[in-house]
Every structure is written in C-alpha cells, then in structure tokens.
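In: heads up, no residue letters with this:
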C-alpha cells in the first residue's frame with residue numbers, strides 16, 4: 001500500500017491538494033484504515049476521478065475558496081503520491097492539479113510550510129489602470145520572475161530596458177530594484193499593484209530620473225534601518241490630532257491593526273515610547289528577545305501615529321519585523337488578534353527587559369505558609385528575571401490551587417499573568433440542514449432545518465426530524481451523500497460533532513492531556529485547579545474566548561457580554577485582603593465581525609490627549625461615543641479584547657516584604 005499520509009515537508013518541494021471528502025472515499029474503497037475494511041473493493045464506494053470542485057470557487061478552476069483548513073477540507077500529497085492516484089483514477093474533466101510549493105518562512109526562526117494560498121498581484125504597464133491583469137505568485141518567486149511574467153503579458157521585448165514599481169495610493173511609487181529578492185523579502189502583499197515602465201527611445205524614463213513621490217527601497221538589507229522608509233503616509237493631510245492615525249490593511253492584516261490601535265491608546269506605554277525611554281532599556285543580548293528589533297519597529301510606528309502629521313500610515317516595516325521572528329504572521333492570511341497581541345507584549349517585554357542576566361530560581365510551594373508571604377516571594381522572584389515596562393503596566397498575579405484527587409494534597413503557587421483569558425459559555429444547540437428522502441421514488445426529497453444539541457448523537461437528530469416530519473425516528477437511516485454516492489452511514493449512537501455544517505445529510509426509511517505530578521503520591525494525577533486573582537496591573541487586558549474548537553467543529557460564541565465603560569470595580573474579585581480599591585475605566589476595545597472562517601477586526605479607543613472615543617477601521621478613523629460602543633456590542637456581540645486602566649493611575653508593586661506605591665512608568 002502506498003503510504004501517502006505521513007508527509008515530510010522539504011524546502012521547495014511541491015504538494016498537491018486533494019479534497020478531503022474524495023480522499024476519505026478513496027480510503028474506504030481501498031481499506032486504508034485497518035478498522036474500516038468492510039467496504040473494501042465495493043463498487044458502491046468507488047471514488048471515481050479525483051474531484052476537487054469542493055475546494056474551488058465557482059467559475060474559476062484555479063481559485064481556492066477562502067479559509068480552507070488542512071486535513072479538514074483538503075489533504076496534502078507529495079508528487080509521487082499524487083501521480084499514482086491520477087494514474088489510477090484520473091482527474092475530473094476540466095480540472096487542473098492544485099500544486100503548491102513548500103516555502104521557508106521566517107528569517108531568524110525558520111520553518112517550512114505549504115503555501116496553499118498564493119499572493120495575488122495586479123500588474124499594469126506604465127500606470128495604465130484601465131488594463132490591469134491579475135496573476136498569482138508564490139512567496140518564493142523572485143522579483144525577476146514577476147518581471148518576466150509582466151514582459152510576457154504586455155509583449156515587452158527582452159532587449160527593452162524596464163523598471164518595476166510598487167504603486168501605492170495617491171500615486172506614490174516604490175522601486176523594486178532587487179531582482180533576486182523574493183515576494184516575501186520584498187513584503188509584497190495581497191492585491192498589491194505593480195507597474196512596469198519602459199524606457200523611452202530618447203533614453204529618458206516616463207516618470208523621470210527621480211520623482212518627488214517616489215520612495216527609496218532597501219528592503220533586502222538585513223538591518224532594521226532598511227525598513228524605516230517602508231511606511232507610507234498620505235501626503236496631503238497634515239496637522240492631524242496625534243493618535244488619530246489609521247493603519248492601512250496590507251491584506252488580511254486588520255487583526256494586527258486592531259491590536260496596535262488598542263496598545264497605541266494605552267497611555268503609559270505610548271508615553272514611554274514617545275519620550276524615548278525605551279532607548280536606554282533595549283536589551284540586545286537577551287536570548288529570549290528579538291535583539292531589540294521588535295521594540296524599535298514598534299517605537300517607530302508609534303512615533304508616526306502620534307506625530308500629528310498623517311491621517312494613516314502603512315505598517316509594512318513593523319509587519320515585516322514581526323514576520324521575521326514569528327513566521328506564523330509572515331504571510332497575509334487572517335490571524336487572531338489576541339495571538340498577535342500576546343506575541344507583541346512578550347516580544348516587547350523581552351526586548352526591553354532590564355534584567356541582563358536572569359538568575360536561576362527554585363520555585364517553592366506554599367507548604368502551609370501565609371498567602372501574603374508566598375505572594376510577595378513569588379512577585380520578587382518574578383522581578384528578578386522579568387523587569388520591563390510591560391511588567392510594570394500589564395502584569396498581575398494569580399493564586400493557583402491544585403488538589404490531588406487521590407490523596408487530597410493541596411498545592412498553592414502564585415503565578416504572574418499578562419492578560420486575563422475568560423472562557424464564555426457555549427451555545428447548547430446548533431442548526432443542521434437535512435434532507436428527508438421517502439421510500440416512494442415519486443416523492444420529492446424535503447429539506448428541513450433541525451435544531452439539535454451540540455453535544456448530542458444521531459438519535460437526537462432523528463428525534464428532532466421526527467417531530468417535524470411525522471416519520472418515526474426508528475424508521476430512519478442517516479447517510480452522507482458525496483459525489484452522487486453514499487459517503488457513509490451514521491450509527492444512532494454516533495456523535496453529532498462528526499457532521500460538518502456543510503455536509504449534506506440524508507434520511508431514508510427502512511446518528512487526560514496535561515496531568516499534574518503530585519509530590520505526595522509521586523504520580524501524575526488529573527488534579528482540579530482553581531485560579532484566584534491576587535493582584536491586578538494598572539492596565540488590565542481581558543481576552544474573551546469567543547472561538548471554540550473541537551475535533552470536528554469550530555465555532556464563534558455569540559454570548560452577550562455586558563460591562564461598564566467607567567468604574568468597573570474589581571475589588572470583589574481579589575482575594576488579597578490588603579488589595580484596597582480597584583476600579584478600572586475602559587480605554588480600548590478590539591472587535592471582531594464574522595465567524596470562525598473569517599471576518600473583520602476593528603477597534604474602539606479613547607484618545608489620551610482629548611479624552612474622546614474614536615472608531616478605528618484600518619485606515620479610517622471616525623469619532624465615536626460611549627453609547628455607540630455599548631450599542632454596537634449589544635447588537636453585534638463582537639467583543640474580543642478589553643483594555644481597562646486603573647482609575648488612580650498608580651498601583652502596588654512588591655518590594656522586599658512590603659508593598660509600596662509606584663507611579664505609572666518604568667521603575
């Protein structure tokens with residue numbers, strides 16, 4: 001049997017996409033799985049020609065549907081495996097192989113990844129926007145490859161001298177003069193317009209030797225300064241209110257823009273960068289950091305946003321630096337705002353860590369000691385290894401209590417946190433579309449929408465359909481139809497999670513990962529864990545877990561969350577008896593529209609200078625009111641991240657065995 005599932009990704013090798021539904025049918029036909037051989041060789045489950053139509057947009061055989069997921073929607077095969085399958089079953093007439101390259105991502109932290117979605121570029125000649133041709137390229141393709149393709153499209157002779165440009169808004173151009181650079185190195189993004197310019201017969205160029213609105217490009221150089229000129233700002237807008245600066249969407253980068261706007265409107269952090277206090281605290285030697293590059297890129301971006309000169313800027317330099325150290329953010333796929341925020345806070349912390357050499361510290365259990373003593377000890381130990389502006393502003397302290405189910409041993413530790421992640425209750429029901437096919441062949445199949453328990457089985461589905469149709473549940477057979485064939489028959493006790501919402505379901509007549517080591521038992525146990533708040537930071541970031549995952553299902557939770565704009569009293573949630581008053585005011589909100597497969601991120605934020613609320617939607621900035629914020633949350637149920645600032649603008653830090661008040665800013 002040809003083993004084509006375990007695939008080792010090798011740099012620059014090709015992989016082929018196969019619709020997972022066809023692949024599952026093939027596995028059933030050949031008895032690929034040892035537990036599923038009862039239909040092996042049965043012509044009723046013969047898969048037929050490879051059919052990838054389920055992966056493609058209508059009317060375009062080469063354009064993939066958005067938000068496809070590996071192993072859920074498609075399977076990746078190496079060239080040898082693909083060729084074997086095509087030789088055995090052929091490819092559906094009118095379809096072409098969906099081949100993708102394996103590319104290397106990241107500059108300092110490298111990994112190989114199949115580039116499922118290619119970068120779509122818009123190509124034109126001499127800026128003629130009436131004749132724009134769209135082509136897709138791999139991130140591994142070079143500028144030279146793109147230029148050759150453009151020459152071919154516009155019939156430009158090889159001997160004709162040309163120049164290639166990035167075209168931005170307001171007729172701003174950037175030369176692409178490094179032919180060996182890849183699309184990834186150049187930072188080209190989805191939908192980028194590229195212009196090829198032919199030299200005039202008299203030896204001049206249509207755009208002239210140098211144009212005022214042409215920007216220098218040194219994107220191939222490895223130093224940070226080579227990226228300083230990447231950010232483009234609208235030249236015609238001046239004297240803007242500092243901080244009211246939008247961020248251009250580089251292609252599915254709204255998640256990044258939302259996170260940056262929230263952080264930008266966090267007063268103590270922004271003041272720290274605007275006043276250049278970060279310069280003296282850059283830690284170039286921290287092995288856990290990014291050699292100061294993330295901090296410098298973020299500082300440069302914040303200074304542009306708060307200069308008052310621009311209505312929006314393009315954060316391409318910042319995104320390039322983030323992608324170098326976190327390859328998962330290097331492309332232009334939609335990502336999670338909270339994941340970017342977590343990386344950014346951690347990266348800024350390590351780049352600005354005042355501790356140059358971290359000491360080894362033995363963690364101690366409480367062992368019956370008073371909470372106050374253990375908490376102070378934990379915070380002191382934390383500061384011995386972690387001391388930065390991020391710690392000053394965002395870090396708080398949990399009390400973690402673990403109870404062994406076998407010996408009742410209680411283990412108490414105090415752990416620092418950078419943000420609070422709050423799980424939301426899940427909806428208990430889901431809606432499935434099903435078809436009821438009666439035994440009478442002359443009766444037309446009827447479609448029903450059935451409400452069933454999320455954590456239920458096929459019998460629950462049959463019972464719900466029975467109530468709507470009047471057909472007894474025990475007279476039903478539940479099957480999945482694919483490619484005009486019965487794909488599978490569901491057992492009555494089978495979990496409903498195995499049914500995707502995109503599956504066509506037909507009814508016919510006759511549905512312990514992380515154990516804790518107990519020091520008392522000397523065994524790993526499934527202990528119960530309780531987290532309590534001991535101390536809170538001056539700026540509290542609350543992450544609401546709106547996305548839920550299971551083996552078969554991904555879903556966005558639309559649970560309504562209410563909160564006050566001002567005077568959120570967190571005192572009652574602190575178990576520290578000496579905590580004192582703890583009131584927060586809202587300063588920023590990250591929003592998400594849409595569902596799991598995609599959507600759009602925006603942000604509300606309160607400007608630190610004029611105290612007014614604004615709505616940030618990529619490059620657009622508009623005024624907002626507190627009523628609008630509350631109303632939008634009630635209507636769209638979209639809240640993802642909350643940024644709250646302590647009213648008193650001071651907080652308690654542990655120093656030795658005592659608590660002392662510190663003002664906002666670096667200690």
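Out: All right, it came through fine. A quick note: this is a predicted structure, and the numbers were derived from the prediction, not measured.

In: which one's the longest strand in this protein?
Out: Using DSSP state E to define each element, the chain has its longest strand at strand 583-593.

In: Can you tell me the strand partners of that one and which way each runs?
Out: strand 568-569 (antiparallel), strand 600-606 (antiparallel), strand 639-646 (antiparallel) (DSSP bridges).

In: Please, which helix or strand holds residue 377?
Out: Following DSSP states H and E, one finds residue 377 within helix 371-385.

In: elements contacting that helix?
Out: Counting contacts by 3 or more CB pairs under 8 Å, 6 or more residues apart in numbering; DSSP states H and E, helix 371-385 packs against strand 396-403, strand 410-417, strand 528-535, strand 650-655. Bear in mind the C-beta positions are built from the backbone N, C-alpha and C, glycine included.

In: Quickly compare these and say which is most buried.
Out: strand 396-403 (a mean of 19; mean count of other CB atoms under 10 Å).

In: For the longest strand of the chain, buried residues please.
Out: For strand 583-593, the neighbour count (16 or more other CB atoms under 10 Å) marks 584, 586, 587, 588, 589, 590, 591, 592 as buried.

In: hang on, the fifth one packs against residue 629?
Out: Which is residue 589. Yes: contact criterion CB atoms under 8 Å: residue 589 and residue 629 qualify, at 6.6 Å.

In: list residues touching both of those two?
Out: residue 604 (CB atoms under 8 Å, 6 or more residues apart in numbering).

In: that older thread, let me know the closest of the buried residues of strand 583-593 to residue 35.
Out: residue 592 (39.6 Å; CB to CB).

In: partners of that closest one in the sheet?
Out: Under the criterion used (DSSP bridges), residue 592 bridges to residue 601.

In: That one contacts residue 337, doesn't it?
Out: Yes: Residue 592 is within contact range of residue 337, at 7.1 Å (criterion: CB under 8 Å).

In: out of the buried residues of strand 583-593, which one sits closest to residue 298?
Out: For the buried residues of strand 583-593, the nearest to residue 298 is residue 588 (16.1 Å; CB to CB).

In: Go ahead and report the secondary structure state at the residue lying farthest from the centre of the chain.
Out: Distance to the chain centre peaks in the chain at residue 202, reaching 50.9 Å (criterion: CA atoms, centre = their mean). Recorded secondary structure, residue 202: coil (DSSP: H, G, I helix; E, B strand; the rest coil).

In: tell me which element the residue nearest in space to the middle of the chain falls in.
Out: When CA atoms, centre = their mean is applied to the chain, the residue found nearest the centroid is residue 335 (1.8 Å). Taking DSSP H and E as the definition, residue 335 sits outside all helices and strands.

In: Okay, strands next: where are they in the stretch 351-500 of the chain?
Out: 396-403, 410-417, 420-423, 429-437, 446-453, 476-482, 485-489 (DSSP state E, counting those that start in this stretch).

In: So which residues of the stretch 501-650 of the chain form strands?
Out: Under DSSP E, counting those that start in this stretch, the stretch 501-650 of the chain gives strands at 505-509, 516-518, 523-525, 528-535, 539-545, 547-549, 554-556, 568-569, 583-593, 600-606, 613-617, 620-624, 639-646, 650-655.

In: Quick check, residue 40 in contact with residue 29.
Out: Yes: using CB under 8 Å, residue 40 is in contact with residue 29, at 6.9 Å.

In: between those two, who's got more neighbours?
Out: When residue 40 and residue 29 are compared on other CB atoms under 10 Å, the one with more neighbours turns out to be residue 29, at 19 against 14.

In: wait, what's in contact with the more buried one?
Out: Residue 29 neighbours (CB under 8 Å, 6+ apart): 39, 40, 41, 42, 45, 46, 47.

In: any idea whether it is helix, strand or coil?
Out: helix.

In: so what pLDDT did residue 279 get?
Out: Looking at residue 279, its pLDDT is 93.

In: Residue 531 too?
Out: pLDDT recorded at residue 531 is 78.

In: now swap in the one 3 residues further on and tell me
Out: Reading off the per-residue confidence, residue 534 sits at a pLDDT of 86.

In: what's the answer for residue 6, then?
Out: 37.
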